[in-house]
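Chemist: requesting a structural model of the entry that follows:
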Amino acid sequence: MSREPIIGVLALQGDVREHLEVLEQLGARVVQVRLPAHLAEVDALVIPGGESSVIDKLTRMFELAEPISDRIADGMPVLGTCAGLIMLANDLTDGIDGQRTFRSLDITVQRNAFGAQVDSFETEVNLPEVSPRPLRAAFIRAPIVTRVGEGVRVLGQLADGRIVAVQSGNVIGVSFHPEVEGETQLHEYFLGVVREHLT
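Modeler: Sure thing, here's the model as predicted:
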């Protein structure tokens, strides 16, 4: 008999509360992940937006970096938004000195590709595999995907062709913040991926 999955939200820095609220609104069982023991409880993980260099330092400080990488490599579904996308990428074109990632998506990401905080904007993004209607999305110091490796699917692009959403197996990364807009479609899609993984 299948059970309802437990979704972890990496709760070290960033817009943790917004992700928790969307997932709870969708009826998911949610755990805040701050320690390796919390990670061991969950079936899937959401890596929220925030500051990727700070998330990197904190995951190493709390001895989560290697366990997260290992769990993803073992097939654990993961959704990364904005800084979460950066944390999943194999390569960064403008990371700070010594910055590390989980190296879980064969992509190259450019940090802060849209400029500073004042250049933030909201728009609609078409992700036809995720939703029949455009998703409301906030781009806040957002990255873009500049290279897509073998086995990585492009889920969404802006009108100018810039790639802002990708998926490889159970790993999904997007440049934007759907949760800031109260958008639920991406999280619903992710929960579907998680349930399929558990069957």
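Chemist: just say helix, strand or coil for the spatially closest residue to residue 58 that is not a sequence neighbour.
Modeler: Leaving out its chain neighbours, the residue that sits closest to residue 58 by C-beta to C-beta, 6 or more residues apart in numbering is residue 12, at 4.1 Å. Just so you know, the C-beta spots here come from the backbone N, C-alpha and C atoms, and that holds for glycine as well. Look at residue 12: counting by DSSP: H, G, I helix; E, B strand; the rest coil, its state is coil.
Chemist: what residues are up against residue 12?
Modeler: 34, 54-55, 58-59, 62, 64 (C-beta atoms under 8 Å, 6 or more residues apart in numbering).
Chemist: kindly write the PyMOL command that selects the buried subset of those residues.
Modeler: To isolate in PyMOL the members of those that are buried, counting by 16 or more other C-beta atoms under 10 Å, one can use:
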select buried, resi 34+55+58+59+62+64
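Chemist: in CSV, list the contacts of residue 12 along with distance to residue 89, secondary structure and pLDDT.
Modeler: Formatted as CSV, the contacts of residue 12 follow (distance: C-beta to C-beta, whole Å; DSSP: H, G, I helix; E, B strand; the rest coil; pLDDT from 0 to 100):
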residue, distance to residue 89, secondary structure, pLDDT
34, 23, coil, 96
54, 16, helix, 93
55, 13, helix, 95
58, 18, helix, 96
59, 15, helix, 96
62, 21, coil, 96
64, 18, coil, 96
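Chemist: return the distance of the helix or strand residue 194 falls within from the chain's centre.
Modeler: Taking DSSP states H and E as the definition, one finds residue 194 inside helix 185-198. A distance of 13 Å separates the centroid of the chain from that of helix 185-198, by C-alpha atoms, centre = their mean, to the nearest Å.
Chemist: contacts only, for residue 46.
Modeler: 7-10, 19, 23, 78-81, 84, 190.
Chemist: those residues in helices, which ones?
Modeler: The members of the contacts of residue 46 that map onto helices under DSSP state H are 19, 23, 84, 190.
Chemist: which one of the contacts of residue 46 is nearest residue 136?
Modeler: residue 81 (13.3 Å; C-beta to C-beta).
Chemist: what does the helix or strand containing residue 70 rub up against?
Modeler: Element membership for residue 70 (DSSP H and E) is helix 65-73. For helix 65-73, the surrounding residues in contact (C-beta under 8 Å, 6+ apart) are 10, 36, 39, 45, 56, 59, 78, 88, 100, 102-104, 170-171.
Chemist: quick one: which of the residues you listed sit in helices?
Modeler: Among these, the ones falling in helices (DSSP H) are 36, 39, 56, 59, 88.
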